[in-house]
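[1] Sequence first, predicted model second:
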Amino acid sequence: MKILLVEDEDSLRETISRSLEKQKYIVESASDFYSALLKINDYDYDCVILDIMLPGGSGLTLLDELKKLHKKESVIIISAKDSLEDKITGLDLGADDYLTKPFHLAELNARIKSVIRRKQQDGEINITVGNVTVYPDRHAVHIDSKELELNRKEFDLLYYFVTNPQRLISKGALAEAVWGDYIDQADSFDFIYSQVKNLRKKLKTAGALPEIKAVYGYGYKLIYDEE
């Protein structure tokens, strides 16, 4: 799962990022209003953690922009301002939760899981396509109730496919979704090809009904015929 952290305080941003990465989230970050605005316009996330007071503008304006774009990201506001007015404004604009600084990282992690769960599968965080069930909170995959062993990148790729079934996905979109801000470290599209190839082989060997089809010259599509 992919998270955008918008926080201008360097030490707090780095601390939160490290904590979330330990929980196996893909974390991108922005330290000011304009860099955050570019990211929410260009990319999709499962959750946005949003500070209100930012260099260049207000986090509430970013929240309003998210809703104007009809995006589906869960949003958690984090703020040093324990203001009832700010809380009401943020929730009215569509925020899913509001957390006052300072807070425990464990509480933030619990709230992230909660807001994502509420928006997926009618409250269920598990995602099932055919006989494949993905458990994002446990980084586990079951096929016909039997667990499938995947490495970190294979899991991230599969998660992206099952949340975008029947959609033609370019190699560039896959790279950005799975590697995020570290896309340059993905070692070009050859590495993506290798990871997807391994994932397709594991799914086929395990008897998965959904299939990742290669679309020559473009990318991939997760195909599943319910009939």
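    Structure received.
[2] tell me what the lengthiest helix in the chain is packed against?
    Of all segments of type helix in the chain, defined using DSSP state H, the longest is helix 188-205. Helix 188-205 sits against helix 152-162, helix 171-179, strand 211-215, with contacts defined as 3 or more C-beta pairs under 8 Å, 6 or more residues apart in numbering; DSSP states H and E. For glycine as for every other residue, the C-beta is placed from the backbone atoms N, C-alpha and C.
[3] Just checking: what are the partner strands of the shortest one?
    Sheet pairing for strand 211-215, assigned by DSSP bridges, gives strand 219-223 (antiparallel).
[4] what angle sits between the strand it pairs with and helix 188-205?
    20 degrees (axes from the mean of the first three to the mean of the last three C-alpha atoms, to 10 degrees).
[5] Pull out the buried positions in strand 219-223.
    Taking 16 or more other C-beta atoms under 10 Å as the neighbour-count basis, strand 219-223 is seen to contain the buried residues 219-222.
[6] JSON lines for those residues, including distance to Y160 and pLDDT?
    What follows is the buried residues of strand 219-223, written out as JSON lines (distance: C-beta to C-beta, whole Å; pLDDT from 0 to 100):
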{"residue": "G219", "distance to Y160": "11", "pLDDT": "87"}
{"residue": "Y220", "distance to Y160": "10", "pLDDT": "92"}
{"residue": "K221", "distance to Y160": "12", "pLDDT": "92"}
{"residue": "L222", "distance to Y160": "9", "pLDDT": "93"}
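[7] Let me know the closest of those residues to T61.
    Looking at those and their distance to T61, the nearest is G219, at 34.1 Å (C-beta to C-beta).
[8] so where's this protein shaky on pLDDT?
    Across the chain, the stretches falling below the confidence threshold (pLDDT under 70) are 82-83, 119-125, 180-189, 226-227.
[9] in it, which spans are strands?
    2-6, 26-30, 47-51, 53-54, 57-58, 74-79, 97-100, 127-129, 132-135, 140-143, 146-147, 169-170, 211-215, 219-223 (DSSP state E).
[10] I'd like to know which of these is closest to I88.
    strand 97-100 (9.3 Å).
[11] Which positions in that closest one come out as buried?
    Residues 97-98 are the ones in strand 97-100 that count as buried (16+ other C-beta under 10 Å).
[12] Dump that strand to CSV, restricted to CA.
    In CSV, the C-alpha atoms belonging to strand 97-100 read as follows (Å, rounded to 0.1, in the frame of the first residue of the first chain):
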residue,chain,number,x,y,z
ASP,A,97,-9.4,11.3,10.7
TYR,A,98,-7.6,14.0,12.7
LEU,A,99,-4.6,13.3,14.9
THR,A,100,-3.2,16.0,17.2
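[13] Could you spell out the sheet neighbours of that strand, each with its direction?
    Strand 97-100 pairs in its sheet with strand 74-79 (parallel), by DSSP bridges.
[14] For the closest residue in space to E7 that isn't next to it in sequence, give me its contacts.
    Spatial nearest neighbour of E7, excluding adjacent residues (C-beta to C-beta, 6 or more residues apart in numbering): R13 at 4.2 Å. Contact analysis of R13 by C-beta atoms under 8 Å, 6 or more residues apart in numbering lists 5, 7, 29, 31.
[15] I'd like to know how many residues surround the residue nearest to the last one when sequence neighbours are not counted.
    Spelled out, it's S31. The shortest distance from S31 to any residue other than its chain neighbours is 5.1 Å, reached at D8 (C-beta to C-beta, 6+ apart). One way to gauge burial is a neighbour count; for D8, by other C-beta atoms under 10 Å, it gives 17.
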